[in-house]
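Trainee: Sequence and predicted structure, then a few things I'm wondering about:
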Amino acid sequence: MISEERLTSYRAAFPHLKNGHVYLNHAAFGVLSTEVNAHINKHLTERSSGVIESYMIDQDIIEETRSKIARLINAPSSDQIAFVTNTSEGLNLIAGGLNWQKGDSILLNDIEFPSNVYPYMNLQHRGVDIRFAKSKQGFVSADQLEHEIQNSDQLVGISAVQFLSGYRIDLHKLGQLCADSDKWLVVDGIQAAGSSPIDVQAMQIDAFVSGGLKWLMAPMGIGFVYFSEEMLNALRPQHVGWLSVETPWDLFNYEQGLNPTARRYELGGLNVPGIYALHASLDPFLELGVDEVHKHVVSLNQHIIEKMDIPGVKLYT
(Lines give C-alpha, C1' and ligand atoms only; values in the text may rest on other atoms or scores of the structure.)
Protein backbone atom coordinates (compact mmCIF):
# COMPACT_ATOMS: atom_id res chain seq x y z
CA MET A 1 0.00 0.00 0.00
CA ILE A 2 0.97 3.63 -0.41
CA SER A 3 2.87 4.83 2.64
CA GLU A 4 1.34 7.45 4.90
CA GLU A 5 4.34 9.70 4.23
CA ARG A 6 3.68 9.67 0.48
CA LEU A 7 -0.04 10.15 1.00
CA THR A 8 0.65 13.19 3.17
CA SER A 9 2.86 14.74 0.48
CA TYR A 10 0.19 14.26 -2.19
CA ARG A 11 -2.62 15.47 0.07
CA ALA A 12 -0.75 18.73 0.56
CA ALA A 13 -1.60 19.59 -3.05
CA PHE A 14 -5.35 19.62 -2.30
CA PRO A 15 -6.33 22.65 -0.19
CA HIS A 16 -9.94 21.53 0.27
CA LEU A 17 -8.70 18.88 2.72
CA LYS A 18 -7.62 21.64 5.11
CA ASN A 19 -11.19 22.90 5.25
CA GLY A 20 -12.55 19.70 6.71
CA HIS A 21 -14.30 18.99 3.42
CA VAL A 22 -14.82 15.27 2.86
CA TYR A 23 -15.26 14.84 -0.89
CA LEU A 24 -16.09 11.42 -2.33
CA ASN A 25 -17.68 12.21 -5.70
CA HIS A 26 -14.75 11.75 -8.07
CA ALA A 27 -17.08 9.69 -10.25
CA ALA A 28 -18.62 13.05 -11.18
CA PHE A 29 -15.87 15.67 -10.72
CA GLY A 30 -12.30 15.21 -9.60
CA VAL A 31 -10.62 17.85 -7.44
CA LEU A 32 -8.05 20.16 -9.02
CA SER A 33 -4.68 20.20 -7.28
CA THR A 34 -2.48 23.23 -6.73
CA GLU A 35 -0.04 21.77 -9.29
CA VAL A 36 -2.77 21.56 -11.92
CA ASN A 37 -3.91 25.12 -11.23
CA ALA A 38 -0.32 26.38 -11.34
CA HIS A 39 0.31 24.66 -14.67
CA ILE A 40 -2.81 26.18 -16.22
CA ASN A 41 -1.94 29.62 -14.86
CA LYS A 42 1.61 29.35 -16.17
CA HIS A 43 0.21 28.88 -19.68
CA LEU A 44 -2.34 31.67 -19.29
CA THR A 45 0.33 34.06 -17.99
CA GLU A 46 2.51 33.22 -20.99
CA ARG A 47 -0.42 34.05 -23.27
CA SER A 48 -1.21 37.33 -21.54
CA SER A 49 2.14 38.81 -20.57
CA GLY A 50 4.85 36.46 -21.84
CA VAL A 51 5.64 35.46 -25.40
CA ILE A 52 1.86 35.54 -26.12
CA GLU A 53 2.26 33.38 -29.25
CA SER A 54 3.13 30.28 -27.26
CA TYR A 55 2.47 27.79 -30.06
CA MET A 56 5.90 26.12 -30.09
CA ILE A 57 6.05 25.84 -26.29
CA ASP A 58 2.55 24.41 -26.29
CA GLN A 59 3.46 21.77 -28.88
CA ASP A 60 6.06 20.34 -26.51
CA ILE A 61 3.50 20.10 -23.70
CA ILE A 62 0.90 18.57 -26.04
CA GLU A 63 3.27 15.82 -27.17
CA GLU A 64 4.55 15.17 -23.64
CA THR A 65 0.95 14.80 -22.46
CA ARG A 66 0.16 12.46 -25.33
CA SER A 67 3.13 10.30 -24.29
CA LYS A 68 1.99 10.32 -20.64
CA ILE A 69 -1.46 9.07 -21.68
CA ALA A 70 0.14 6.29 -23.72
CA ARG A 71 2.14 5.23 -20.66
CA LEU A 72 -0.96 5.36 -18.44
CA ILE A 73 -2.87 2.83 -20.58
CA ASN A 74 0.16 1.04 -22.11
CA ALA A 75 -0.61 2.10 -25.66
CA PRO A 76 1.99 0.89 -28.20
CA SER A 77 2.62 4.46 -29.38
CA SER A 78 1.56 8.01 -28.57
CA ASP A 79 0.69 8.27 -32.28
CA GLN A 80 -2.45 6.27 -31.42
CA ILE A 81 -3.72 8.93 -28.99
CA ALA A 82 -5.93 11.86 -30.00
CA PHE A 83 -7.22 14.64 -27.76
CA VAL A 84 -10.99 15.16 -27.58
CA THR A 85 -13.18 17.44 -25.51
CA ASN A 86 -15.03 14.61 -23.76
CA THR A 87 -15.97 10.93 -23.89
CA SER A 88 -19.02 11.55 -26.07
CA GLU A 89 -16.92 13.16 -28.78
CA GLY A 90 -14.50 10.25 -28.80
CA LEU A 91 -17.26 7.65 -29.04
CA ASN A 92 -18.88 9.57 -31.88
CA LEU A 93 -15.61 9.44 -33.85
CA ILE A 94 -15.86 5.66 -33.75
CA ALA A 95 -19.61 5.27 -34.28
CA GLY A 96 -19.58 7.68 -37.20
CA GLY A 97 -16.32 6.51 -38.73
CA LEU A 98 -16.80 2.76 -39.24
CA ASN A 99 -18.17 1.32 -42.48
CA TRP A 100 -21.57 0.07 -41.35
CA GLN A 101 -23.77 -2.14 -43.51
CA LYS A 102 -27.51 -2.60 -43.24
CA GLY A 103 -28.15 -5.55 -40.94
CA ASP A 104 -25.06 -4.95 -38.78
CA SER A 105 -25.65 -4.82 -35.04
CA ILE A 106 -23.95 -3.43 -31.96
CA LEU A 107 -24.06 -5.08 -28.54
CA LEU A 108 -24.50 -2.76 -25.55
CA ASN A 109 -26.25 -3.32 -22.21
CA ASP A 110 -29.12 -1.73 -20.30
CA ILE A 111 -27.13 -0.04 -17.50
CA GLU A 112 -24.72 2.07 -19.59
CA PHE A 113 -24.37 5.81 -19.06
CA PRO A 114 -26.11 7.56 -21.99
CA SER A 115 -22.79 8.77 -23.42
CA ASN A 116 -22.08 5.15 -24.32
CA VAL A 117 -25.49 4.61 -25.91
CA TYR A 118 -26.63 7.60 -27.99
CA PRO A 119 -23.67 7.69 -30.42
CA TYR A 120 -24.58 4.13 -31.44
CA MET A 121 -28.34 4.67 -31.47
CA ASN A 122 -27.70 7.48 -33.93
CA LEU A 123 -26.73 4.76 -36.43
CA GLN A 124 -30.21 3.24 -36.51
CA HIS A 125 -31.18 5.39 -39.51
CA ARG A 126 -28.37 3.60 -41.39
CA GLY A 127 -29.93 0.21 -40.71
CA VAL A 128 -27.75 -0.71 -37.73
CA ASP A 129 -29.50 -2.66 -34.98
CA ILE A 130 -28.68 -1.75 -31.37
CA ARG A 131 -29.01 -4.69 -29.01
CA PHE A 132 -29.03 -4.43 -25.21
CA ALA A 133 -27.88 -7.24 -22.97
CA LYS A 134 -29.99 -7.41 -19.80
CA SER A 135 -28.10 -6.67 -16.60
CA LYS A 136 -28.29 -9.02 -13.64
CA GLN A 137 -28.04 -7.64 -10.10
CA GLY A 138 -26.69 -4.33 -11.40
CA PHE A 139 -23.96 -5.51 -13.74
CA VAL A 140 -23.15 -7.32 -16.96
CA SER A 141 -20.19 -9.71 -16.87
CA ALA A 142 -17.84 -10.93 -19.58
CA ASP A 143 -19.19 -14.46 -18.98
CA GLN A 144 -22.69 -13.24 -19.75
CA LEU A 145 -21.63 -11.34 -22.86
CA GLU A 146 -19.94 -14.48 -24.15
CA HIS A 147 -23.44 -15.92 -24.59
CA GLU A 148 -24.97 -12.66 -25.87
CA ILE A 149 -22.66 -12.01 -28.84
CA GLN A 150 -24.25 -12.78 -32.21
CA ASN A 151 -22.80 -13.13 -35.71
CA SER A 152 -24.35 -9.81 -36.78
CA ASP A 153 -22.60 -7.88 -34.01
CA GLN A 154 -19.74 -5.85 -35.39
CA LEU A 155 -18.92 -4.01 -32.16
CA VAL A 156 -19.23 -4.50 -28.41
CA GLY A 157 -19.47 -1.28 -26.43
CA ILE A 158 -18.85 -1.46 -22.68
CA SER A 159 -17.79 0.66 -19.72
CA ALA A 160 -14.63 -0.52 -18.01
CA VAL A 161 -16.26 0.48 -14.72
CA GLN A 162 -20.02 0.88 -14.48
CA PHE A 163 -20.95 4.37 -13.34
CA LEU A 164 -23.55 3.34 -10.71
CA SER A 165 -22.42 0.00 -9.29
CA GLY A 166 -18.67 0.44 -9.74
CA TYR A 167 -18.53 -3.03 -11.29
CA ARG A 168 -15.24 -3.65 -13.14
CA ILE A 169 -15.75 -5.98 -16.08
CA ASP A 170 -13.04 -8.50 -16.94
CA LEU A 171 -11.59 -6.71 -19.96
CA HIS A 172 -8.94 -9.37 -20.48
CA LYS A 173 -11.61 -11.99 -21.02
CA LEU A 174 -13.91 -9.73 -23.02
CA GLY A 175 -11.02 -8.58 -25.21
CA GLN A 176 -10.15 -12.19 -25.99
CA LEU A 177 -13.80 -12.99 -26.76
CA CYS A 178 -14.04 -10.07 -29.18
CA ALA A 179 -10.73 -10.93 -30.82
CA ASP A 180 -11.76 -14.58 -31.27
CA SER A 181 -15.12 -13.60 -32.79
CA ASP A 182 -13.73 -10.71 -34.88
CA LYS A 183 -15.69 -7.96 -33.11
CA TRP A 184 -14.51 -4.45 -32.32
CA LEU A 185 -14.15 -3.81 -28.56
CA VAL A 186 -14.79 -0.17 -27.69
CA VAL A 187 -14.42 0.83 -24.04
CA ASP A 188 -15.82 3.87 -22.24
CA GLY A 189 -13.02 4.33 -19.74
CA ILE A 190 -13.96 7.51 -17.93
CA GLN A 191 -14.70 5.71 -14.65
CA ALA A 192 -11.51 3.64 -14.93
CA ALA A 193 -8.73 5.96 -16.13
CA GLY A 194 -6.70 6.83 -13.05
CA SER A 195 -8.54 4.52 -10.66
CA SER A 196 -8.23 1.09 -12.31
CA PRO A 197 -5.31 -0.46 -14.19
CA ILE A 198 -5.81 -0.41 -17.96
CA ASP A 199 -3.55 -2.16 -20.46
CA VAL A 200 -5.05 -1.68 -23.92
CA GLN A 201 -2.65 -4.17 -25.46
CA ALA A 202 -3.11 -7.01 -22.98
CA MET A 203 -6.88 -6.38 -22.95
CA GLN A 204 -7.00 -6.28 -26.77
CA ILE A 205 -9.04 -3.06 -26.72
CA ASP A 206 -9.67 -1.49 -30.14
CA ALA A 207 -10.68 1.92 -28.81
CA PHE A 208 -10.51 3.39 -25.30
CA VAL A 209 -12.14 6.74 -24.64
CA SER A 210 -12.00 8.89 -21.51
CA GLY A 211 -12.57 12.40 -20.29
CA GLY A 212 -10.12 13.86 -17.80
CA LEU A 213 -12.51 15.53 -15.35
CA LYS A 214 -13.18 12.57 -13.04
CA TRP A 215 -10.52 10.29 -11.56
CA LEU A 216 -7.73 11.94 -13.58
CA MET A 217 -8.59 15.21 -11.80
CA ALA A 218 -8.32 17.59 -14.74
CA PRO A 219 -10.91 20.22 -15.78
CA MET A 220 -13.92 19.71 -18.00
CA GLY A 221 -13.41 19.91 -21.76
CA ILE A 222 -10.34 17.69 -22.10
CA GLY A 223 -10.13 13.96 -22.78
CA PHE A 224 -8.49 11.44 -25.06
CA VAL A 225 -9.17 8.50 -27.33
CA TYR A 226 -6.88 5.57 -28.07
CA PHE A 227 -7.21 3.63 -31.33
CA SER A 228 -5.62 0.30 -32.06
CA GLU A 229 -3.75 0.29 -35.36
CA GLU A 230 -6.50 -1.84 -36.90
CA MET A 231 -9.25 0.51 -35.70
CA LEU A 232 -7.37 3.59 -36.88
CA ASN A 233 -7.00 2.09 -40.35
CA ALA A 234 -10.68 1.11 -40.48
CA LEU A 235 -12.07 4.50 -39.49
CA ARG A 236 -12.97 7.21 -41.99
CA PRO A 237 -13.07 10.68 -40.37
CA GLN A 238 -16.39 12.44 -40.82
CA HIS A 239 -14.82 15.82 -40.05
CA VAL A 240 -11.38 17.12 -41.03
CA GLY A 241 -9.55 20.40 -40.52
CA TRP A 242 -6.32 22.05 -41.51
CA LEU A 243 -4.36 20.08 -38.90
CA SER A 244 -5.79 16.74 -40.08
CA VAL A 245 -3.38 16.38 -42.98
CA GLU A 246 0.17 15.07 -43.29
CA THR A 247 1.91 18.47 -43.54
CA PRO A 248 -0.41 21.22 -42.25
CA TRP A 249 2.05 24.03 -42.88
CA ASP A 250 2.16 23.16 -46.58
CA LEU A 251 -0.84 25.44 -46.68
CA PHE A 252 -1.75 25.39 -50.38
CA ASN A 253 -1.18 21.69 -51.02
CA TYR A 254 -4.84 20.71 -50.98
CA GLU A 255 -4.15 17.27 -52.46
CA GLN A 256 -2.14 15.85 -49.56
CA GLY A 257 -3.40 12.90 -47.56
CA LEU A 258 -4.61 12.70 -43.99
CA ASN A 259 -2.17 12.44 -41.12
CA PRO A 260 -1.50 8.69 -40.70
CA THR A 261 -1.68 8.99 -36.90
CA ALA A 262 -4.60 9.68 -34.55
CA ARG A 263 -3.72 13.38 -34.85
CA ARG A 264 -5.97 13.45 -37.93
CA TYR A 265 -8.84 13.88 -35.45
CA GLU A 266 -7.38 17.07 -33.98
CA LEU A 267 -8.88 19.42 -36.52
CA GLY A 268 -7.59 22.78 -35.40
CA GLY A 269 -6.81 24.66 -32.20
CA LEU A 270 -6.94 22.33 -29.20
CA ASN A 271 -8.01 22.99 -25.62
CA VAL A 272 -4.45 23.87 -24.67
CA PRO A 273 -5.21 25.00 -21.06
CA GLY A 274 -6.95 21.65 -20.55
CA ILE A 275 -3.95 19.78 -21.93
CA TYR A 276 -1.64 21.72 -19.60
CA ALA A 277 -3.89 20.63 -16.73
CA LEU A 278 -3.83 16.99 -17.81
CA HIS A 279 -0.06 17.19 -18.25
CA ALA A 280 0.23 17.95 -14.52
CA SER A 281 -2.64 15.81 -13.21
CA LEU A 282 -1.25 12.63 -14.79
CA ASP A 283 2.04 12.81 -12.88
CA PRO A 284 0.94 11.27 -9.55
CA PHE A 285 -0.67 8.32 -11.35
CA LEU A 286 2.51 7.65 -13.31
CA GLU A 287 4.72 8.15 -10.25
CA LEU A 288 2.73 5.86 -7.96
CA GLY A 289 1.41 3.49 -10.60
CA VAL A 290 -2.32 2.98 -11.12
CA ASP A 291 -2.04 -0.48 -9.54
CA GLU A 292 -1.15 1.15 -6.21
CA VAL A 293 -3.81 3.85 -6.59
CA HIS A 294 -6.38 1.16 -7.32
CA LYS A 295 -5.44 -0.87 -4.24
CA HIS A 296 -5.75 2.23 -2.09
CA VAL A 297 -9.14 3.21 -3.52
CA VAL A 298 -10.46 -0.32 -2.99
CA SER A 299 -9.20 -0.33 0.61
CA LEU A 300 -11.04 2.95 1.25
CA ASN A 301 -14.18 1.54 -0.33
CA GLN A 302 -13.94 -1.53 1.89
CA HIS A 303 -13.59 0.70 4.95
CA ILE A 304 -16.79 2.55 4.01
CA ILE A 305 -18.63 -0.72 3.34
CA GLU A 306 -17.63 -2.10 6.73
CA LYS A 307 -18.82 1.07 8.49
CA MET A 308 -22.01 1.39 6.46
CA ASP A 309 -24.74 0.17 8.77
CA ILE A 310 -27.84 2.27 8.18
CA PRO A 311 -31.26 0.67 8.71
CA GLY A 312 -33.27 0.52 5.49
CA VAL A 313 -30.28 1.34 3.27
CA LYS A 314 -29.16 -1.26 0.72
CA LEU A 315 -25.58 -1.18 -0.50
CA TYR A 316 -25.45 -1.02 -4.31
CA THR A 317 -21.90 -1.73 -5.44
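Mentor: Cool, got the structure.
Trainee: Now do the same for residue 303: its pLDDT.
Mentor: pLDDT for residue 303: 90.
Trainee: How about the contacts made by the nearest residue to residue 170 once chain neighbours are set aside?
Mentor: Among residues not flanking residue 170 along the chain, residue 142 sits closest, at 4.3 Å (Cβ to Cβ, 6 or more residues apart in numbering). C-betas here are computed from N, CA, C, even on glycine. If a contact means Cβ atoms under 8 Å, 6 or more residues apart in numbering, then residue 142 has 169-171, 173-174, 177 as its contacts.
Trainee: Can you select the buried ones from the residues you listed in PyMOL?
Mentor: Remark: buried members of the contacts of residue 142, expressed as a PyMOL selection using 16 or more other Cβ atoms under 10 Å:
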select buried, resi 169+171+174+177
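Trainee: Nearest to residue 52 among the contacts of residue 142?
Mentor: Among those, residue 171 lies closest to residue 52 (Cβ to Cβ), at 44.6 Å.
Trainee: From residue 160, how far out is that closest one?
Mentor: Computed as Cβ to Cβ, to the nearest Å, the residue 171 to residue 160 distance reads 6 Å.
Trainee: Spit out the residues that contact the two alike.
Mentor: 187, 198.
Trainee: from the contacts of residue 142, which ones fall inside helices?
Mentor: 171, 173-174, 177 (DSSP state H).
Trainee: Just want the most central residue of the protein.
Mentor: The residue lying closest to the centre of the chain (Cα atoms, centre = their mean) is residue 210, at 1.6 Å.
Trainee: What residues are bridge-paired with that residue?
Mentor: Taking DSSP bridges as the rule, residue 210 bridges to residue 224.
Trainee: Over to residue 139?
Mentor: The partner residues for residue 139, given DSSP bridges, come to residue 136.
Trainee: Next, count neighbours for it.
Mentor: Residue 139 has 17 neighbouring residues, counting by other Cβ atoms under 10 Å.
Trainee: before we move on, the earlier item: could you single out the nearest of the contacts of residue 142 to residue 315?
Mentor: Taking Cβ to Cβ as the measure, residue 315 lies nearest residue 169 of the contacts of residue 142, at 19.7 Å.
Trainee: For the closest one, give me the pLDDT.
Mentor: As predicted, residue 169 sits at a pLDDT of 97.
Trainee: My guess is residue 272 contacts residue 43. True?
Mentor: Yes - with contact defined as Cβ atoms under 8 Å, residue 272 reaches residue 43; the gap is 6.5 Å.
Trainee: Spell out which residues are contacts of both of those two.
Mentor: Contacts common to residue 272 and residue 43, judged by Cβ under 8 Å, 6+ apart, are 58, 61.
Trainee: what does the average pLDDT come to for stretch 68-75?
Mentor: For stretch 68-75, mean pLDDT rounds to 98.
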